[in-house]
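# coordinates only, sequence not included:
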């Protein structure tokens, strides 16, 4: 089990499939001078030619059309959904991310031997708003686009790294790459993959064929492609911009969310300026800025200005108090759990990337274990004891909002002081875990101790099939192994500092 651990570089390239994907990206990623953006092809499991044969063997167009008429009925019932859909389409066309495909162009693409696929559109409701997505998981007669793409190369930065970078300085910021996926163009050879239907007008009486010219939300390969492009961009900037700017681009963006900072106001403001300039050279615009101190803002637009609490990378950052707390989505816990399926869904909905609430999560995982004993089934009724215990656990989740930690590891008096990392690990018969603290002694004698990371794991129930064999010493060794993983993860996230 990996809880946000670092995947060693040698592990990332072991599989033949991963090597093949990287070869395809190395060959296809180019700079489009006319558009001022990068373009990239998609990494195929079986190559472009074979994939084209598979995709053309089924009628994905008919599937997309059926879904379009189904979406019409849904939007007619929900005006807000319709309004969002048409607003997004207008934006796609205005920004050059999508264009209508003429009948002649459609025929020309069909005559070529490249891959052709028609994507259904859907509007997903998340966090109180609709989001326009293309459905790369849609299947036609068992053929699915996402199944033919190589999507997981472990190129993404561990989510804890930008959080640790945010905490490494007295003055810090976070920022977001605006419409990240949509600002990397699709290789011309792959444009036929992202055909989709939309409506001629808001009357929704006739469908029109469009092609999406950039990478999409809904493709399993998009996170890998965008991560690769960002790394390539940082490599090209070395020698032009400072190592600190290039390191942020390469190592401290988790998908489109990045962080940085400095131990002086002027240093942090300069870093923001340089980062913005460097990203513009790649065709990327930075937005949704958040700052630890109001004097860092300058002329930039701050996300949700006037609101102190802002979500970033799975945590809540109160920029008024400069403290971090747990991000809780109350909607996920409104209904009481009655089956193991409910238990797993609700327990997994509590996300803690740096483990501030690791002991509490351990309790939830233990109830998850208890829901899967004897003759259990995903949709069978929970035992009364388990149902009451787990629902009592979820009912107390709101109390976690009272827990917070300082955003910065240092105080002004300890900047540049002597650092120590203290990691503790322990185990019992039902679980094991570790916790890491940073202690720093300032030059003037000031001391500051900061929580860095926590981990918790349940002990496998079947001792005979697990490595611990019901032995406390063995479990303690397992905890020690996890502690070394924590050490490596922290060292990786602050390398060079």
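Arrived safely, thanks for sending. Being a predicted model, the structure only gives us computed values, none of them experimental.

# low-confidence ranges in the stretch 351-497 of the chain?
463-465, 467, 496-497 (pLDDT under 70).

# same question, the stretch 1-150 of the chain
Residue ranges of the stretch 1-150 of the chain with pLDDT under 70: 1-14.

# ranges for the strands of it?
Along the stretch 1-150 of the chain, the stretches classed as strands by DSSP state E, counting those that start in this stretch are 30-32, 37-40, 98-100, 118-119, 121-126, 129-134, 139-140, 143-144.

# and those strands: which comes nearest residue 151?
strand 143-144 (11.9 Å; CB to CB). Bear in mind the C-beta positions are built from the backbone N, C-alpha and C, glycine included.

# give me the contacts around the next helix-or-strand element following the closest one.
Note on strand 143-144: by DSSP states H and E, the next helix or strand toward the C-terminus is helix 160-167. Helix 160-167 has contacts (CB atoms under 8 Å, 6 or more residues apart in numbering) with 4, 172, 174, 248, 251-254, 257-261, 312-313, 315, 317, 324, 353-354, 407-409, 450, 452-453, 489-490, 492-494.

# which of those residues fall within helices?
Using DSSP state H, the subset of the contacts of helix 160-167 located in helices is 248, 251, 489, 490, 492, 493.

# just the buried ones from these, in PyMOL syntax?
Here is the PyMOL command that selects the buried residues among the ones in helices among the contacts of helix 160-167 (16 or more other CB atoms under 10 Å):
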select buried, resi 248+251+489+490+492+493
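
# out of the ones in helices among the contacts of helix 160-167, which comes closest to residue 397?
Closest to residue 397, out of all of the ones in helices among the contacts of helix 160-167 and judged by CB to CB, is residue 489, at 25.8 Å.

# quick check: that closest one vs residue 18, distance?
21 Å (CB to CB, to the nearest Å).

# again, but for residue 490
For residue 490 relative to residue 18 (CB to CB), the value is 26 Å.

# please apply the same query to residue 206.
Residue 206 is 44 Å from residue 18, where distance means CB to CB.

# tell me which of these two has more neighbours.
residue 18 (19 against 8; other CB atoms under 10 Å).

# right, and the more buried one touches residue 151 too?
No: taking contacts as CB atoms under 8 Å, residue 18 lies outside contact range of residue 151: 10.7 Å.

# sorry, back to before: could you export the strands of the stretch 1-150 of the chain as CSV, including mean neighbour count?
Converted to CSV, the strands of the stretch 1-150 of the chain look like this (neighbours: other CB atoms under 10 Å):
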stretch, mean neighbour count
strand 30-32, 14
strand 37-40, 22
strand 98-100, 16
strand 118-119, 26
strand 121-126, 15
strand 129-134, 17
strand 139-140, 16
strand 143-144, 18
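
# closest to residue 200 out of those strands?
So among these, strand 98-100 is nearest, using CB to CB, at 9.7 Å.

# so what strands line up beside that closest one?
In the sheet, strand 98-100 lines up against strand 207-212 (antiparallel) (DSSP bridges).

# give me the mean pLDDT for stretch 317-336.
In this model, stretch 317-336 has an average pLDDT of 95.

# in that stretch, what's buried?
317, 319, 322, 323, 324, 325, 326, 327, 328, 333.

# let me see the contact set for whatever residue is furthest in space from the centre of the chain.
Farthest-out residue of the chain from its mean C-alpha position, per CA atoms, centre = their mean: residue 444, at 40.8 Å. Applying CB under 8 Å, 6+ apart to residue 444 gives the contacts residue 413.

# so residue 71 makes contact with residue 130?
No: Residue 71 is not in contact with residue 130 according to CB under 8 Å; the separation is 11.6 Å.

# which neighbours do those two share?
By CB under 8 Å, 6+ apart, the residues touching both residue 71 and residue 130 are 85, 123.

# contact partners for the nearest residue to residue 131 once chain neighbours are set aside?
Leaving aside its chain neighbours, residue 131 sits nearest to residue 124 (4.9 Å; criterion: CB to CB, 6 or more residues apart in numbering). Residues near residue 124 by CB under 8 Å, 6+ apart: 130, 131, 133.

# at 10 Å what do you get?
Taking CB atoms under 10 Å, 6 or more residues apart in numbering, we find residue 124 in contact with 130, 131, 132, 133, 135, 217, 218.

# which one of those residues is nearest to residue 29?
Taking CB to CB as the measure, residue 29 lies nearest residue 217 of these, at 19.8 Å.

# quickly list what the nearest residue to that closest one once chain neighbours are set aside is bridged to.
Distance criterion CB to CB, 6+ apart; nearest residue to residue 217, sequence neighbours excluded, is residue 133 at 4.8 Å. For residue 133, the beta-bridge partners under DSSP bridges are residue 122.

# return the distance of residue 133 relative to residue 72.
17 Å.

# residue 385 - how many residues pack around it?
Neighbour count of residue 385, defined by other CB under 10 Å: 10.

# next, work out how far apart it and residue 367 are.
Going from residue 385 to residue 367 by CB to CB gives 10 Å.

# next one: residue 456
To residue 367, residue 456 is 13 Å away according to CB to CB.

# strands along the stretch 201-350 of the chain, start to end?
For the stretch 201-350 of the chain, strands defined by DSSP E, counting those that start in this stretch occupy the ranges 207-212, 253-254, 257-262, 286-291, 309-312, 315-318, 323-326.

# and those as a markdown table, adding distance to residue 271?
Output for the strands of the stretch 201-350 of the chain, formatted as a markdown table (distance: least, CB to CB, whole Å):
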| stretch | distance to residue 271 |
| --- | --- |
| strand 207-212 | 34 |
| strand 253-254 | 14 |
| strand 257-262 | 6 |
| strand 286-291 | 12 |
| strand 309-312 | 17 |
| strand 315-318 | 18 |
| strand 323-326 | 21 |
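
# quick one on the thing from earlier: now render the buried residues of stretch 317-336 as TSV, adding distance to residue 43.
Converted to TSV, the buried residues of stretch 317-336 look like this (distance: CB to CB, whole Å):
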residue	distance to residue 43
317	34
319	39
322	41
323	41
324	36
325	38
326	36
327	32
328	36
333	38
